[in-house]
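# Quick one: sequence and predicted model below, then my questions.
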Amino acid sequence: MRAAVIPASDAPPVCRDHPDPAPRHGELLVEVLAAGLHHLTRAKANGSHYSSGGGYPLVPGVDGVVRDEEGNLRYVVMDDTPLGTFAERTLIDPRRSVILPGGIDPVRIAAAMNPAMSSWVALRRRVGFHAGRRVLVLGATGNAGRMAVQIAKLFGAAQVIAAGRDTTRLKALTALGADETITYDQIGRAADVDVVIDYVWGEPAAGAMIPLLTARADRTAPLDWIQIGSIAGATAPIPSAALRSARLQIVGSGIGSVPARDFLAELPELASAVATGAIDVRARAVPLAQVAQAWTAETDDRIVLVP
């Protein structure tokens, strides 16, 4: 079969012949129909993500839409394995998959599930979110951020404020449910939100905390700050006053802080929301043979590799 193979952490993937996988106890041999090229995929492959296994060579791909031997379409989340979904066939643990309804678009599902899962699971499993709460999304112009805007609205948020640097991209978010768009230097306008979904971290997040907290009408009102991504930096110099002067709770949401069973429990409803069009998806299908070019491509669409 053909597969994308990464020989070392500093090497790009190369599409080449690869031995066919042989199922072991409990595994299913499946045909890969579509696999998203996510930030997580790159980070795990180059060893920079905290959950990276570190073994090479490897076939990347953390999730995807596959067809099993009975003809069922499944969305699967891969366990730590050197054989991911960037291949014509792979091995899966069926317990880490959900059977999809007929008529779905595999490319759409593969593009959306990973970035959408970040905010979906954060709001469902990391904080006590309920309808009527107000949400600020930091890093709202990225793929996961624009989905977070939609998911917060889908869950009944009374107000969603989208924050980012690119004013042109921010304006487009009003059509997806953002009630207000702001740049980081306008962060005080979001002072009375109840939840922050943070894909930025680093200096921008730290710099936003004090203006946000000091402008709150009631500093004793709870503020849940959910740390999900770190596109602006892996560390943030959080002022001690941010933790003492307001009722701020900082929690992380990701692999480890959320049990695998909780991620899996959310998959059917999320897949249904994506399949029915409740979440807008930007996807671009790219042949597996072009994985090397796609690996470093800059695009607003989520690249999905197809056989």
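All right, it came through fine. Residues are numbered from 1 along each chain as shown.
# Distance check, the residue nearest to Arg96 when sequence neighbours are not counted against Ala4.
Spatially, and ignoring its direct neighbours in sequence, Arg96 is nearest to Val77 (5.0 Å; C-beta to C-beta, 6 or more residues apart in numbering). (Glycine included, C-beta is placed from N, CA and C.) Relative to Ala4, Val77 is positioned 18 Å away (C-beta to C-beta, to the nearest Å).
# Likewise for Thr299?
Using C-beta to C-beta, Thr299 is found at 18 Å from Ala4.
# These two: which has the busier surroundings?
The residue with more neighbours, out of Thr299 and Ala4, is Ala4; 29 against 12, by other C-beta atoms under 10 Å.
# Can you tell me the element the more buried one falls in?
strand 2-5 (DSSP states H and E).
# Name the residues that touch the lowest-mean-pLDDT helix or strand in the chain?
Lowest on mean pLDDT, DSSP states H and E among the helices and strands of the chain sits helix 39-46, with a mean of 87. Helix 39-46 has contacts (C-beta atoms under 8 Å, 6 or more residues apart in numbering) with 6, 9-10, 13, 49, 51-53, 58, 60-62, 84, 114, 229, 295.
# So which residues of the protein form helices?
39-46, 106-121, 143-154, 167-172, 202-214, 240-244, 260-275, 291-295 (DSSP state H).
# Select, out of these, the one closest to Arg96.
helix 260-275 (6.4 Å; C-beta to C-beta).
# Residue nearest the middle of this structure, spatially speaking?
Centroid check for the chain by C-alpha atoms, centre = their mean gives Pro115 as the closest residue, at 2.5 Å.
# Please list all residues in contact with the closest residue to it other than its chain neighbours.
Spatial nearest neighbour of Pro115, chain neighbours left out: Ala144 (3.8 Å); criterion: C-beta to C-beta, 6+ apart. Residues near Ala144 by C-beta under 8 Å, 6+ apart: 115-116, 118-119, 199, 228-229.
# For the residue nearest to Arg96, list the residues it contacts.
62-63, 96-97, 260, 263-264, 267.
# where does it land on pLDDT?
pLDDT for Val77: 95.
# For beta bridges, what are the partners of it?
In this entry, Val77 is beta-bridged to Asp63, by DSSP bridges.
# Ok, Ile255 next?
Bridge pairing for Ile255 (DSSP bridges) gives the partners Val258.
# returning to what we had before: next one: the residue nearest to the centre of the chain from Gly55, what distance?
Counting by C-beta to C-beta - Pro115 and Gly55 are separated by 26 Å.
# Report the distance from stretch 256-269 to the chain centre.
Relative to its chain's centre, stretch 256-269 lies at 13 Å (C-alpha atoms, centre = their mean, to the nearest Å).
# Would you mark the buried spots in it?
For stretch 256-269, the neighbour count (16 or more other C-beta atoms under 10 Å) marks 258, 263, 266-267 as buried.
# Might you list the low-confidence residue ranges for the stretch 201-307 of the chain?
Within the stretch 201-307 of the chain, not a single segment meets pLDDT under 70.
# what separates Ser119 from Ile228, distance-wise?
Ser119 sits 7 Å away from Ile228, going by C-beta to C-beta.
# Residues in contact with both of those two, list them for me.
With C-beta under 8 Å, 6+ apart as the test, Ser119 and Ile228 both reach 144, 197.
# wait, Val286 sits on Ile303?
Yes: Val286 lies in contact with Ile303 (C-beta atoms under 8 Å); the separation is 5.3 Å.
# Can you check which residues contact both of these two?
With C-beta under 8 Å, 6+ apart as the test, Val286 and Ile303 both reach 37, 294.
# Show me what the lengthiest strand in the chain pairs with in its sheet, parallel or antiparallel.
The strand that spans the most residues within the chain, counting by DSSP state E, is strand 28-36. Note on strand 28-36: by DSSP bridges, its sheet partners are strand 63-67 (antiparallel), strand 89-92 (antiparallel), strand 302-306 (antiparallel).
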